[in-house]
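1. next one to model:
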Amino acid sequence: LSGSAIVQNVAAGGWSRYGNANGNTVTIALNSDGYIGTGTSNAVYGGVAEQEGNGTAMHNTVIIQSGTINGLVHGGVTGGSGEASANQVLMSGGTATSVTGGEAGEGNANDNIVTLKGSAAVQGSNPPVYGGYSINGNATGNIVNIQADATIAGSVMAGYTRDGTLLSGNKINMTGGTLTGALLLTMEAIEKGSLHYDDVVTVSAYAASMGGSHVYLSEGEQITVDDLLKAVCIASGNDAAVALAECVAGVTELFVEQMNTRAKELGMTDTHFVNCTGLPAEGHVTSAWDIALMSRELIEKHPDIRRYTTIWMDTLRDGTFQLANTNKLIRFYDGATGLKTGSTDSAKYCLSATAEREGMELIAVVLKSPTGQQRFEDAKALLNYGFSTYALLHTAPEEPFPAIPVVLGETETVQPCIDPQEAVALVQKSQVGGLSQSVTLAEQVEAPVSTGQELGTLTLTDAAGETVQSIPIRAAESVERLTFGTMLRRMLSAAFFAG
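-> Numbering: from 1, shown residues only. This is a model prediction of the structure:
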């Protein structure tokens, strides 16, 4: 469809009532006189397989270059049990109410890709962009790519399933960045002993020149690492981040190389850092998933960071410069522990939010939110969902484990046990009442036995028989192998008492 074409309701590349709707392509390049949708059910579909059948809607492509779409854009849709997978929507211009890569009823919506770039604008209700959406199936492996100039009125979900069982491997790729990586490398340097909280840093001209959020560091100013961490964690100070980077690595270029190396080690496959501040730069990209990975590494391995990320208000320069936390959840959300806000013209308003309740800490990442307040609302919604739906289950055996005979051991048996740290499972609260245990133990074990040696498994299963967690059962103590001398003494002792 091109030029001044007008479509009253629906434009579709393929439509099937009982069969498949696969491999179709729809291209839209309308001018200002053309549009799609004047009624109440307006949409553009790559392919549709209706509910009457079990057909699939796969490998469809929708390309939107320009034009007004007063409705929805879907790569592929199924109403029955068929899959809506491997579809693509590429929107480089024009406007739409919402965009979804693949939507399924009873089936799966996996491996769909949505790319928004250029002057593309999605203006519908929140959230208006889904990579994959399934009502009763799985939504995995979906990707949403959002480039700098695209406009989205609400939040983005790479994968969503209302009642399905699997929601994993979904990614949102964004231009922009985060200071989380700079904080991680700084805390690692402190842990290694190459940097200390009370070290004094002399601010360079380059650090003092940083734009965006800053704490007005001046060239030659001397400030402690402790205060620089405050400035980054509380006020998102880009000048402070550069000062820390130069302190850790000498020059920011080397620090950025270290950030990229660390990102690769953490499995952050969608991330490439160009600077240490997150300010816009060509090729500086990350994803919500990757930010969550780095955030987890920071809070798990370096709990001291909470000393800074949980501060609501503080000061620098002997009380003459006020700091107020840019993360408003710290004051207004129960259990908030951090972590980092960010905002640029291209990445909009972003947030990696962490919160802990009853020993369970969750991470919610929001990217490209249209307003600063909206990112907090979206993060709260994600955290609320996590805390209301999931819990940590600390498993203990229903009955004591029997001792296991040890062949040729200094002692005749070894006591099995479980490590409490290994016996913690993340479960849906609705599952807890229907969980059951089964135990598998070795009938005997040959010496030597080392402390912690695996002797069996305690398995948790849900009401459907699916494994929720497998907990290793380990030896509580070590048992040395019998020596010849010990064996001889035992034989003589047995003979003596027998006589």
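2. what's the following helix or strand after the helix or strand of the chain with the lowest mean pLDDT?
-> Least confident helix or strand, the chain: strand 171-175 with a mean of 58, by mean pLDDT, DSSP states H and E. The C-terminal neighbour of strand 171-175 among helices and strands, as given by DSSP states H and E, is helix 180-192.
3. tell me which residues in the very next helix or strand once past that next one are buried?
-> Under the assignment DSSP H and E, the closest C-terminal helix or strand after helix 180-192 is strand 200-202. Neighbour-count burial for strand 200-202, counted by 16 or more other Cβ atoms under 10 Å, picks out Val201. (C-beta placed from N, C-alpha, C; glycine too.)
4. please name every helix or strand in contact with strand 200-202.
-> Strand 200-202 sits against strand 222-224, helix 238-249, with contacts defined as 3 or more Cβ pairs under 8 Å, 6 or more residues apart in numbering; DSSP states H and E.
5. Glu191 and His302 touch, don't they?
-> Yes. Here Glu191 reaches His302: they are 6.8 Å apart, a contact under Cβ atoms under 8 Å.
6. which of these two has more neighbours?
-> His302 (16 against 12; other Cβ atoms under 10 Å).
7. so what's that one closest to, chain neighbours aside?
-> Spatially, and ignoring its direct neighbours in sequence, His302 is nearest to Met187 (3.9 Å; Cβ to Cβ, 6 or more residues apart in numbering).
8. ok, the one you found - contacts?
-> Neighbour list for Met187: Leu298, Lys301, His302, Asp304, Ile305 [criterion: Cβ atoms under 8 Å, 6 or more residues apart in numbering].
9. any of the residues you listed buried? List them.
-> The neighbour count (16+ other Cβ under 10 Å) marks Leu298, His302, Ile305 as buried among the contacts of Met187.
10. on that earlier part again, for the residue nearest to His302, give its distance to Thr411.
-> Distance from Met187 to Thr411, counting by Cβ to Cβ, to the nearest Å: 45 Å.
11. repeat that for Glu398.
-> 26 Å.
12. check Glu253 too.
-> 60 Å.
13. between those two, which one's more packed in?
-> Legend: neighbour count by other Cβ under 10 Å for Glu253 and Thr411, higher for Thr411 (15 against 11).
14. now the more buried one, nearest residue through space, not along the chain?
-> Per Cβ to Cβ, 6+ apart, closest to Thr411 is Val479, 5.3 Å.
15. ranges for the strands of the stretch 51-200 of the chain?
-> 61-66, 68-69, 72-78, 88-91, 95-96, 98-104, 113-116, 121-122, 129-134, 143-146, 151-152, 156-161, 171-175, 200-202 (DSSP state E, counting those that start in this stretch).
16. how about those strands, which one is nearest Glu282?
-> Checking the strands of the stretch 51-200 of the chain against Glu282 by Cβ to Cβ gives strand 171-175 as the closest, at 8.9 Å.
17. quick one: low-confidence parts of the chain?
-> For the chain, the stretches with pLDDT under 70 are 39-40, 52-53, 125-127, 148, 154-156, 158-178, 490, 494-499.
18. pull the longest helix from it.
-> helix 372-389 (DSSP state H).
19. would you mark the buried spots in that helix?
-> The neighbour-count check on helix 372-389 (16+ other Cβ under 10 Å) flags Gln374, Arg375, Phe376, Asp378, Ala379, Lys380, Leu382, Leu383, Gly386, Phe387 as buried.
20. got the residue ranges for the helices in the stretch 351-499 of the chain?
-> Assigned by DSSP state H, counting those that start in this stretch, the helices in the stretch 351-499 of the chain fall at 372-389, 484-498.
21. can you add distance to Tyr18 and give those back as a markdown table?
-> Formatted as a markdown table, the helices of the stretch 351-499 of the chain follow (distance: least, Cβ to Cβ, whole Å):
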| stretch | distance to Tyr18 |
| --- | --- |
| helix 372-389 | 37 |
| helix 484-498 | 77 |
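22. identify whichever of those helices lies nearest to Tyr45.
-> Of all the helices of the stretch 351-499 of the chain, helix 372-389 comes closest under Cβ to Cβ, at 27.8 Å.
23. return that closest one as CSV; C-alpha atoms alone will do.
-> Output in CSV follows, covering the C-alpha atoms of helix 372-389 (Å, rounded to 0.1, in the frame of the first residue of the first chain):
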residue,chain,number,x,y,z
GLY,A,372,10.4,10.5,34.7
GLN,A,373,7.3,9.7,36.8
GLN,A,374,6.1,7.0,34.4
ARG,A,375,9.3,5.0,34.8
PHE,A,376,8.7,4.8,38.5
GLU,A,377,5.1,3.8,38.1
ASP,A,378,6.1,1.1,35.6
ALA,A,379,8.9,-0.2,37.9
LYS,A,380,6.5,-0.3,40.8
ALA,A,381,4.0,-2.3,38.8
LEU,A,382,6.7,-4.8,37.8
LEU,A,383,8.0,-5.1,41.4
ASN,A,384,4.4,-5.4,42.8
TYR,A,385,3.7,-8.2,40.4
GLY,A,386,6.9,-10.0,41.4
PHE,A,387,6.3,-9.7,45.2
SER,A,388,2.6,-10.6,44.9
THR,A,389,3.2,-13.6,42.6
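24. show me the contact partners of it.
-> 126, 154-155, 328-329, 332-333, 335, 341, 343, 349-351, 353, 355, 357, 360, 362, 364, 366, 369, 428-429.
25. residues near Glu265, how many?
-> For Glu265, using other Cβ under 10 Å, the count is 9.
26. I'd like the numbering to begin with 16 instead of 1 from here.
-> New numbering, starting at 16: the last item is Glu280.
27. which residues touch it?
-> Residues in contact with Glu280 (Cβ under 8 Å, 6+ apart): none are found.
28. these two touch, right, Ile249 and Leu338?
-> Yes. Contact status for Ile249 versus Leu338: in contact at 4.5 Å, counting by Cβ under 8 Å.
29. what do the two both touch?
-> Common neighbours of Ile249 and Leu338 (Cβ under 8 Å, 6+ apart) are Ile326, Asp329.
30. neighbour-wise, which of those two wins?
-> Ile249 (24 against 19).
31. doesn't the more buried one belong to a helix?
-> Yes. Under DSSP: H, G, I helix; E, B strand; the rest coil, Ile249 falls within a helix.
32. now it: how far from Gly227?
-> 15 Å.
33. so which bits of stretch 268-287 are buried?
-> In stretch 268-287, counting by 16+ other Cβ under 10 Å, buried: Phe270, Val271, Gln273, Met274, Arg277, Ala278, Leu281, Met283, Asp285, Thr286, His287.
34. with only the CA atoms kept, save it in PDB.
-> Only the C-alpha atoms of stretch 268-287 are listed here, as PDB (Å, rounded to 0.1, in the frame of the first residue of the first chain):
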ATOM      1  CA  GLU A 268      39.100   4.800  27.000                       C
ATOM      2  CA  LEU A 269      40.700   1.900  29.000                       C
ATOM      3  CA  PHE A 270      37.900   2.000  31.500                       C
ATOM      4  CA  VAL A 271      35.400   1.600  28.700                       C
ATOM      5  CA  GLU A 272      37.300  -1.400  27.300                       C
ATOM      6  CA  GLN A 273      37.200  -3.000  30.800                       C
ATOM      7  CA  MET A 274      33.400  -2.300  30.900                       C
ATOM      8  CA  ASN A 275      32.900  -4.100  27.600                       C
ATOM      9  CA  THR A 276      35.100  -7.000  28.700                       C
ATOM     10  CA  ARG A 277      33.100  -7.300  31.900                       C
ATOM     11  CA  ALA A 278      29.800  -7.100  30.000                       C
ATOM     12  CA  LYS A 279      31.000 -10.000  27.800                       C
ATOM     13  CA  GLU A 280      31.900 -12.100  30.900                       C
ATOM     14  CA  LEU A 281      28.400 -11.500  32.300                       C
ATOM     15  CA  GLY A 282      26.700 -12.700  29.100                       C
ATOM     16  CA  MET A 283      25.500  -9.200  28.100                       C
ATOM     17  CA  THR A 284      25.300 -10.000  24.400                       C
ATOM     18  CA  ASP A 285      23.200  -6.900  23.500                       C
ATOM     19  CA  THR A 286      25.600  -4.400  25.000                       C
ATOM     20  CA  HIS A 287      28.400  -2.200  23.700                       C
END
